[in-house]
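[1] build me a model:
(one chain, ligands or ions: 2)
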Amino acid sequence: MKVLVVGGAGYIGSHMVKFLFHQGCEVVVLDDLSSGNADISRYASLTIGNVSDKEVLGKVLPGVCAVMHFASSIEVSESIRNPAKYYLNNLSNTLTLLDSMCEHSVSNFIFSSTAATFGEPITLPIDENHSQVPINPYGKSKLMVEQILEDYDRAYGLTSVCLRYFNAAGADPAGEFGECHEPETHLIPLVLKAALGLRESINIYGRDYVTPDGTCIRDYVHVMDLCSAHWLALTSLLKGSGSQRYNLGNGHGFSVKEVIEAAIDVTGRTIKVVDAPRRAGDPAVLVADSAKAKVELGWVPRYHDLKTIIEHAWKWELSGNRPR
Ligand SMILES: NC(=O)c1ccc[n+]([C@@H]2O[C@H](COP(=O)([O-])OP(=O)(O)OC[C@H]3O[C@@H](n4cnc5c(N)ncnc54)[C@H](O)[C@@H]3O)[C@@H](O)[C@H]2O)c1
Ligand SMILES: O=c1ccn([C@@H]2O[C@H](COP(=O)(O)OP(=O)(O)O[C@H]3O[C@H](CO)[C@@H](O)[C@H](O)[C@H]3O)[C@@H](O)[C@H]2O)c(=O)[nH]1
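    Residues are numbered from 1 along each chain as shown. Ligands and ions are numbered 1, 2, ... in the order given. All right, here's what the predicted structure looks like:
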């Protein structure tokens, strides 16, 4: 079974590539290496190119049974400053990919969507019936793709599973791959950099949210559990389940303060904390209701404990496997 992983040199994509390889798949990666830099050569053949390039797509698509699409621009605050980048990369380039899939009769698609499509939650935890009113261009670009996918299914029979990750975190338990964004904006890798002395401190963006300790609450989901959800989604698509949407999280929120305390505990290091203003586009609380994925796909998150998530990320930070 041949699977195309677009964005497979990135954080979540690289873990998926290794996972698919161990399931016995032939894995083909298309990545322009604009932000990803994982060495996936042991597990996949890499074509360096942009997903907007139809000629390159014509080379990687023939013979694949499904496409997993991780490639996108991913920073909420950058999307507010530079929406054009987000609509071009996340929307327009995805349309090129979908059209090429139709041309090459590839009809199974798994899309990396996000909790950011929901905006400010009205009810918690957030299930699939929650209204989707994104509050930033990043979330809007992802929601637009979700909506376009419904039309592509009706018109062209392209079936899709949209997986809305909450906060992806953690690392390959073997320590081979981990989270490496440049610049890094995510809380857990930044806290660990502070623990390593690679940054002076960690900012807490806002202590005046309406939450028990005043800091934002997020639902951190282990990257390996995201991989297992993709695998289940793929097998269900191939069995003919039809298009679906699932929210992926652990159903338990941790505040920024709690994450920093857990990191101090795991690393045994001192971490200097600095209070900073709220970051634009951050909702106070995001927690998933993933009952649908559990019931319909049989998804069982294995690493739901926050300490385990941070331990795996820390193991990778200490491993020397971070690309330079
Ligand atoms: N990290 C999270 O917490 C999180 C949460 C929700 C959703 N997501 C989604 O998951 C996906 C993967 O996120 P990530 O954290 O692994 O990001 P990442 O930046 O590490 O990986 C994205 C990969 O896509 C590649 N890429 C980007 N644009 C491309 C293009 N036009 N053509 C070819 N390759 C391109 C990059 O080089 C990189 O390797 C994204 O779609 C993101 O929106 C991430
Ligand atoms: O130095 C930092 C970095 C982050 N935060 C806070 O930590 C929380 C988590 O932030 P971050 O790790 O940047 O993740 P999010 O902004 O919640 O966004 C992630 O999770 C979303 C889904 O919830 C995805 O859509 C995004 O792609 C992904 O980046 C937020 O409240 C931030 O304000 C800090 O206080 N200090």
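
[2] how far off centre is stretch 146-163?
    Relative to the centre of its chain, stretch 146-163 is centred 19 Å away, using C-alpha atoms, centre = their mean, to the nearest Å.

[3] just the C-alphas of it, formatted as PDB.
    What follows is stretch 146-163, C-alpha atoms only, in PDB (Å, rounded to 0.1, in the frame of the first residue of the first chain):
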ATOM      1  CA  GLU A 146     -13.000  21.300   5.300                       C
ATOM      2  CA  GLN A 147     -15.900  22.900   3.500                       C
ATOM      3  CA  ILE A 148     -14.400  22.500   0.000                       C
ATOM      4  CA  LEU A 149     -13.800  18.800   0.800                       C
ATOM      5  CA  GLU A 150     -17.600  18.300   1.300                       C
ATOM      6  CA  ASP A 151     -18.200  19.600  -2.200                       C
ATOM      7  CA  TYR A 152     -15.400  17.500  -3.700                       C
ATOM      8  CA  ASP A 153     -16.900  14.400  -2.200                       C
ATOM      9  CA  ARG A 154     -20.300  15.200  -3.600                       C
ATOM     10  CA  ALA A 155     -19.000  16.200  -7.100                       C
ATOM     11  CA  TYR A 156     -15.900  14.100  -7.600                       C
ATOM     12  CA  GLY A 157     -16.200  11.200  -5.100                       C
ATOM     13  CA  LEU A 158     -13.000  12.300  -3.300                       C
ATOM     14  CA  THR A 159     -13.500  11.000   0.200                       C
ATOM     15  CA  SER A 160     -11.800  12.700   3.200                       C
ATOM     16  CA  VAL A 161     -11.200  12.500   6.900                       C
ATOM     17  CA  CYS A 162     -10.600  15.800   8.500                       C
ATOM     18  CA  LEU A 163      -8.700  15.300  11.800                       C
END
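
[4] any residue of it up close to ligand 2?
    No - shown here: stretch 146-163 not in contact with ligand 2 (C-beta under 6 Å from any ligand atom), separated by at least 11.6 Å. Backbone N, C-alpha and C define where each C-beta goes, glycine included.

[5] spell out which residues make up each domain of the protein.
    2-168+221-248, 187-218+251-289+302-319 (automatic domain parsing).

[6] just name the most buried of those domains.
    domain 2-168+221-248 (a mean of 20; mean count of other C-beta atoms under 10 Å).

[7] okay, how far is it across that domain, tip to tip?
    25 Å (C-alpha to C-alpha, to the nearest Å).

[8] so which strand or helix has residue 251?
    Here residue 251, judged by DSSP states H and E, is contained in no helix and no strand.

[9] wait, it sits on residue 290?
    Yes - at 6.1 Å, residue 251 and residue 290 qualify as touching, with contact defined as C-beta atoms under 8 Å.

[10] show me what contacts residue 280?
    77, 80, 136 (C-beta atoms under 8 Å, 6 or more residues apart in numbering).

[11] can you give me the strands for the chain?
    2-6, 26-31, 45-48, 66-69, 108-114, 159-165, 167-169, 202-205, 217-218, 220-222, 244-248, 254-255, 273-276, 285-286 (DSSP state E).

[12] residue 88 and residue 279, how far apart?
    From residue 88 over to residue 279 the distance is 23 Å, taken as C-beta to C-beta, to the nearest Å.

[13] no wait, residue 313
    Distance from residue 313 to residue 279, by C-beta to C-beta: 21 Å.

[14] then residue 103?
    Residue 103 is 41 Å from residue 279, by C-beta to C-beta.

[15] now do residue 56
    Taking C-beta to C-beta, one finds residue 56 at 36 Å from residue 279.

[16] that older thread, closest to residue 322 out of the strands of the chain?
    The closest of the strands of the chain to residue 322 is strand 167-169. By C-beta to C-beta, the value is 15.9 Å.
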